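J.: Okay, predicted coordinates and the sequence, questions at the end:
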Amino acid sequence: MTFKERYLKGEIPFEEIDDYIIRWNESDELCTLREYLGLNAEEEDVWIDVSDEALKELLDKQR
């Protein structure tokens, strides 16, 4: 299950995104970080262009 799926279900706190990033960096995954986290292009753009907090707010609206 991706970070986004687990976060939206309330299984993990938002801060767990850092652990997912570390695991992706240490893995042999061929997918992009965005795909690994389960984010769509809009969510990735907000995360990169604005902040972690902006991504959290965007995801929280989907809960």
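T.: Thanks, I have it.
J.: Look up how far Glu16 lies from the spatially closest residue to Glu5 that is not a sequence neighbour.
T.: Leaving out its chain neighbours, the residue that sits closest to Glu5 by Cβ to Cβ, 6 or more residues apart in numbering is Gly38, at 5.6 Å. In this view, the C-beta of every residue, glycine as well, is placed from N, C-alpha and C. Gly38 sits at a distance of 12 Å from Glu16 (criterion: Cβ to Cβ, to the nearest Å).
J.: shared neighbours of the two, anything?
T.: Residues touching both Gly38 and Glu16 (Cβ atoms under 8 Å, 6 or more residues apart in numbering) are Phe3.
J.: neighbour count winner among the two?
T.: Gly38 (16 against 13; other Cβ atoms under 10 Å).
J.: Angles on the backbone of that one, please.
T.: phi 90, psi 20 (degrees, to the nearest 10).
J.: One more: Thr32?
T.: Note on Thr32: its backbone torsions stand at phi -80, psi 160 [degrees, to the nearest 10].
J.: tally of neighbours for it?
T.: 11.
J.: Same question for Ile17.
T.: Per other Cβ under 10 Å, the neighbour tally for Ile17 reads 20.
J.: now Gln62, nearest residue through space, not along the chain?
T.: Leaving aside its chain neighbours, Gln62 sits nearest to Leu8 (5.8 Å; criterion: Cβ to Cβ, 6+ apart).
J.: Could you measure from the one you found over to Ser27?
T.: From Leu8 across to Ser27, the span is 22 Å (Cβ to Cβ).
J.: the more surrounded of these two?
T.: Counting neighbours by other Cβ under 10 Å for Leu8 and for Ser27 shows that Leu8 has the greater number, 15 against 10.
J.: what residues are up against the residue most central in space within the chain?
T.: Among the residues of the chain, the one closest to the centroid is Leu37, at 4.2 Å (Cα atoms, centre = their mean). Going by Cβ under 8 Å, 6+ apart, Leu37 touches 2-4, 17, 20-21, 24.
J.: Who wins on neighbours among these?
T.: Greatest neighbour count in the contacts of Leu37, by other Cβ under 10 Å, goes to Phe3: 22 neighbours.
J.: burial of Glu44, as a residue count?
T.: 16.
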